[in-house]
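Visitor: Sequence and predicted structure below; questions after.
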Number of protein chains: 2
Amino acid sequence: MVSIRDVAKVAGVSHQTVSNVLNTPEIVSEATRERINKAIKVLGYKPNAAARRLRSGHSDVLALGISPASDRSPSPIFDSFLHQLASAAGKDGKKVMLYAKTDQDKDIELFESLREQSDVDAIILNGLEHQDRRPLWLLEHHQLFALFGRPWGLPQEKAVEIPWVDVDGFAGIKEMTQRLIAAGRTHIGYIGWSSDPGVGSDRYDGWKTALKEADIPYASNDEDLASWTEKVEEGLGAGMEEAAALMERHPDLDAIVCPSDNIAVGVLLAVSRLTKYTVVDDDPEKDISARPVIVTGFDNSRLARAFAFPSVSQPLDQVATELVRMINEILKGVKVSNEPRWHRLLKPTLVWRDSAVGGK
Amino acid sequence: MVSIRDVAKVAGVSHQTVSNVLNTPEIVSEATRERINKAIKVLGYKPNAAARRLRSGHSDVLALGISPASDRSPSPIFDSFLHQLASAAGKDGKKVMLYAKTDQDKDIELFESLREQSDVDAIILNGLEHQDRRPLWLLEHHQLFALFGRPWGLPQEKAVEIPWVDVDGFAGIKEMTQRLIAAGRTHIGYIGWSSDPGVGSDRYDGWKTALKEADIPYASNDEDLASWTEKVEEGLGAGMEEAAALMERHPDLDAIVCPSDNIAVGVLLAVSRLTKYTVVDDDPEKDISARPVIVTGFDNSRLARAFAFPSVSQPLDQVATELVRMINEILKGVKVSNEPRWHRLLKPTLVWRDSAVGGK
DNA sequence: TATCAAGCTTTGAACGTTCTGATAGTCTGT
DNA sequence: ACAGACTATCAGAACGTTCAAAGCTTGATA
């Protein structure tokens, strides 16, 4: 194995100068720098990560938990996020380490073992549960971390100390609802999660607000609103019965907004069965505006593409980049504060679809 | 930071004895061992991974590439595999590191940078392309690795040197076809990948063989078989037109076998539209045997659950466990040979469904 | 009693890097 | 010509662990 000292010998300098070329090239004169770089190339020298870690105390590794897929698994786009994160981290010379998530207690146990082991510089949390203990534990033990998602349900004074990136579900759903209204739909229902004080109510509010601002009659009364709403647990294909109930209650229903693609698929299937539009021969799905009821989702996953329903697309590349940026700044010693750069609420993109079903 | 020497001081022994307790406890007398363990607990000592790596030369880290989700992405179950792998590795004190896959050349470049850096002990490859250069490169450069999937298309003498785990697609599809025959279906078509000499033809052969063994008339003639087959590119919702074509060609068709859940969904949708069975009121999907055409998939992903079609389930936990075991053995210095324990073809499980559509 | 083996423990070096402080060389201004 | 400041380089220590080998008991054997 070729070390920094071998390079030094070949280049005729001390080992420290080689180290300087690697870490602070600007303090080395150009002549020697070139000589050393040449020696590095000739010898095929690669810095030893372990030694670097041992001495410098940081590992350039981010840890990310991955939960069993059977979980309510908010994201059909989790693997997409993983790729973006690995990519963003890689650009920065960092690596992403996976750990298998189980429950909060086990997670914390694991954090404990990562701590002080100089094995992981920072942790990226996502998919927080309500009143999650993990962020507080991490804060308390001065373990660096950043959050994908907002720290819903945490006291304000704590939340301020937590760096997070999230996508604005409220704005996304609101825009989608407005787009439906612009398309002439005026009887728009909502089928979403039953028990989710954070993300769920945020998206629900998006729908409600759009209706109110457009002066849709039933939006002015909470009781009326409730009758245009159905609660359902997250899950692929969920919401079929609820869609039926909603349509029975409101025969004039012409659109349904869902906070996830998983639910939207179920709702779309139920709707298409009840409205018979899938059996018409000349494919009415070619133009979704011809659909008796338009169903919309969230995440713009492959499901939305395959079933050709409109969906809200999360800018996962930006999420990943911002997370890595935040962690970098923290590692450099910048303190987390109330400034906006520690709490990024990214705007999602509306993906409308007029094209035919199918495709990849 | 508390080190091995601090523990030694408290326990009144030398640092090496502490190290022995950690690595080879059996050579330390019980009395001292207990004393040291107590000191470890009291001081909250955690071994420093970086130092251990530096000295011992191995990192206990496995690298795994993750490709952008837009790719033909063979697995709607990739994240599930990730979880299993992280879990299996974790049980063994190992970690999984992600790297962002792009193309073969970039991958190899990355392998090169991982090499000698004592940053990664072994690489896990999956989703090989046809005539993939990566396994050969890794062999040539003596970088340890194992494969999820078979080294299709590699010369036998090389393939023998490559440790791999795969799931027997042939057996899975064959069993599924036999199950359809047992259910009284005798006109069974196949819609699968157009260009895939490895996995694709393996699964196709499963269908063909089952038909032949059951003496289905059209199975004896290759030309007839071809007319019961449609080729299609992988993709969620793909295969709609092909399903229509197949049904037109064979009005007596009563089942379609697909090599992936993604395709099965498209096929199922096309079939349900053409056979009008989704519009019947008393949910014929409650019992799939009542379906005019049964569609089957592969992977038993959430899609199969949601749309209630039968599918072949891959034992991902076993795959992960075996991969980790192989890598462990190689790390211990065991040479890869022609023995069966280096080439594991695992039996998948058939998941039949009689229950209603929907649910999680 | 001297010798040897076995069981347990210790000592010192080594892994490859970065950190710290020192040294030589060059330039500037008086 | 000389102090002072700055630049480029160097030498040695340090990070926390494991490796290699040597040392100390103890008990059995000749």
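Guide: On my side now, so go ahead.
Visitor: so what's A:Val319 up against?
Guide: With contact set as C-beta atoms under 8 Å, 6 or more residues apart in numbering or on different chains, A:Val319 has these partners: A:Phe81, A:Gln84, A:Phe148, A:Val165, A:Val167, A:Leu346. Glycine gets a C-beta too; all of them are placed from N, C-alpha and C.
Visitor: One more pass at 6 Å, please.
Guide: A:Val165 (C-beta atoms under 6 Å, 6 or more residues apart in numbering or on different chains).
Visitor: Wasn't it part of a helix?
Guide: Yes. Per DSSP: H, G, I helix; E, B strand; the rest coil, A:Val319 lies within a helix segment.
Visitor: Please report phi then psi for A:Glu223.
Guide: Here is the backbone geometry of A:Glu223 (degrees, to the nearest 10): phi -70, psi -40.
Visitor: Does the lowest-mean-pLDDT helix or strand in chain A pack against any helices or strands, and if so which?
Guide: Across the helices and strands of chain A, mean pLDDT, DSSP states H and E gives its lowest value to helix A:104-114, namely a mean of 83. For helix A:104-114, the packing partners by 3 or more C-beta pairs under 6 Å, 6 or more residues apart in numbering or on different chains; DSSP states H and E come out as helix A:134-140.
Visitor: The helix or strand following the helix it packs on pairs with which strands?
Guide: Later in the chain than helix A:134-140, the nearest helix or strand by DSSP states H and E is strand A:145-148. Sheet pairing for strand A:145-148, assigned by DSSP bridges, gives strand A:122-126 (parallel), strand A:164-167 (parallel).
Visitor: Mind jotting down where the strands sit in the stretch 201-350 of chain A?
Guide: A:229-232, A:255-257, A:294-298, A:311-313, A:343-346, A:349-351 (DSSP state E, counting those that start in this stretch).
Visitor: and A:Val7, which of those is closest to it?
Guide: The closest of the strands of the stretch 201-350 of chain A to A:Val7 is strand A:343-346. By C-beta to C-beta, the value is 41.4 Å.
Visitor: How far away from the center of its chain is that closest one?
Guide: Remark: strand A:343-346 is offset 11 Å from the chain centroid, using C-alpha atoms, centre = their mean, to the nearest Å.
Visitor: Show me what counts as buried in it.
Guide: Residues of strand A:343-346 classed as buried by neighbour count (16 or more other C-beta atoms under 10 Å in any protein chain shown): A:His343, A:Arg344, A:Leu346.
Visitor: circling back: pipe the strands paired with strand A:145-148 into TSV and attach distance to A:Leu62 per row.
Guide: Compiled in TSV, these are given as follows (distance: least, C-beta to C-beta, whole Å):
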stretch	distance to A:Leu62
strand A:122-126	5
strand A:164-167	14
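Visitor: Can you lay out the ones you listed as CSV showing mean pLDDT, distance to A:Leu180 and mean neighbour count?
Guide: Listed next are the strands paired with strand A:145-148 as CSV, based on pLDDT from 0 to 100; distance: least, C-beta to C-beta, whole Å; neighbours: other C-beta atoms under 10 Å in any protein chain shown:
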stretch, mean pLDDT, distance to A:Leu180, mean neighbour count
strand A:122-126, 94, 29, 24
strand A:164-167, 97, 20, 24
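Visitor: of all those, which lies closest to DNA strand C?
Guide: Nearest to DNA strand C among the strands paired with strand A:145-148 is strand A:122-126 (17.8 Å), distances taken as C-beta to the nearest atom of the strand.
Visitor: what number of residues lie near A:Ala255?
Guide: 25 (other C-beta atoms under 10 Å in any protein chain shown).
Visitor: who's it bridged to?
Guide: Beta-bridge partners for A:Ala255, by DSSP bridges, are A:Ile188, A:Ile294.
Visitor: So, low pLDDT: which residues of the stretch 101-250 of chain A?
Guide: Across the stretch 101-250 of chain A, the ranges flagged by pLDDT under 70 are A:115-118.
Visitor: how about the helices in the stretch 251-360 of chain A?
Guide: Under the criterion DSSP state H, counting those that start in this stretch, the stretch 251-360 of chain A contains helices at A:261-275, A:302-307, A:316-331.
Visitor: Report the contact partners of A:Val2.
Guide: Counting by C-beta under 6 Å, 6+ apart, A:Val2 makes contact with A:Leu43, A:Tyr45.
Visitor: Got the confidence number for it?
Guide: For A:Val2, the pLDDT comes out at 92.
Visitor: Could you report the neighbour count for whichever residue of the stretch 151-300 of chain A sits closest to DNA strand C?
Guide: Closest to DNA strand C within the stretch 151-300 of chain A is A:Pro163: 23.7 Å, counting by C-beta to the nearest atom of the strand. Residues lying near A:Pro163 (other C-beta under 10 Å) number 23.
Visitor: what does the one 10 residues further on give?
Guide: Other residues near A:Ile173 come to 29 when the count uses other C-beta under 10 Å.
Visitor: what's the distance between it and DNA strand D?
Guide: Note on A:Ile173: its distance to DNA strand D, by C-beta to the nearest atom of the strand, to the nearest Å, is 50 Å.
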